[in-house]
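Asker: build me a structure from this.
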Amino acid sequence: MSDSDTYKKAAAEAALEYVKDDMVVGIGTGSTANHFIDLLAAMKGRIEGAVASSEVSAERLRGHGIPVLDLNAVGPLPLYVDGADEATEHLHLIKGGGGALTREKIVAAASEQFVCIADETKLVGQLGAFPLPVEVIPMARSHVGRQMLKLGGQPELRPGFTTDNGNLILDVFNLEILNPVEMEKQINQIAGVVTVGIFAQRPADVLILGGPKGVRVLS
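Answerer: Alright, predicted model coming up:
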């Protein structure tokens, strides 16, 4: 296991403390969320089940014998646990490197507590070094791309990728995100945008960072 993987796993392990008996847990997507799913398997008898933010996570949960529930049937959720591609000390995030940003945003919005888990290299002073994922309706790809250029970013279509919702992703490079809440609203207003990977209007409540000196918790 690489150092980065060890730190992700340590953060995922620390997040288990937030899981209570008989809870339905919202679960994200990606390498750090996978560590959490694998660790959660050991206490699956204590929880009611999970709501997954992607087909990939749903499959992994079922593989461990954890019941996967429909958000419409069980929401609101007491807890959502997921990783991030970037995070700030204000607990604003960029998510969507794995392409599940829309469902992740829905599950986060429907959850009372959002615990974000990551290795400490994901902590940044300002969002935007990681290319910002934007999920778009296919016919709006060019229109949204032009709007991203106006905002100062360089949009690139994620090659050969379709989201679980049947849409495309533009990864926007070199975007200066000085005010994440405002930029999130602004991009979400563009016709054809399904959602943008800035999580600032509904930020994380707790950020757990794994690193060489152990686990650090920001809240």
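
Asker: tell me which stretches of this protein form strands.
Answerer: 24-27, 49-52, 79-82, 86-87, 93-94, 114-119, 132-136, 154-157, 168-173, 193-196, 198-199, 206-211, 214-218 (DSSP state E).

Asker: mean neighbour count, the ones you listed: which tops it?
Answerer: Most buried of the strands of the chain by mean neighbour count (mean count of other CB atoms under 10 Å) is strand 198-199; its value is a mean of 30. Any C-beta I mention is one placed from the backbone N, CA and C, and that applies to glycine too.

Asker: for it, which outside residues touch it?
Answerer: Contacts to strand 198-199, defined as CB atoms under 8 Å, 6 or more residues apart in numbering, come from residues 84, 92-95, 104-105, 108, 127, 132, 177, 180, 183-184, 187.

Asker: same thing with stretch 16-23?
Answerer: By CB under 8 Å, 6+ apart, stretch 16-23 touches 25, 36, 39-40, 43, 46-48, 78-79, 81, 113, 115, 206.

Asker: now do the end-to-end distance for that stretch.
Answerer: Distance across stretch 16-23, first residue to last, is 12 Å (CA to CA, to the nearest Å).

Asker: check which residues of it are buried.
Answerer: When burial is assessed from 16 or more other CB atoms under 10 Å, stretch 16-23 yields the following buried residues: Tyr18, Val19, Met23.

Asker: what of stretch 31-48?
Answerer: By neighbour count on 16+ other CB under 10 Å, the buried set for stretch 31-48 is Thr32, Ala33, Asn34, His35, Phe36, Ile37, Leu39, Leu40, Ile47.
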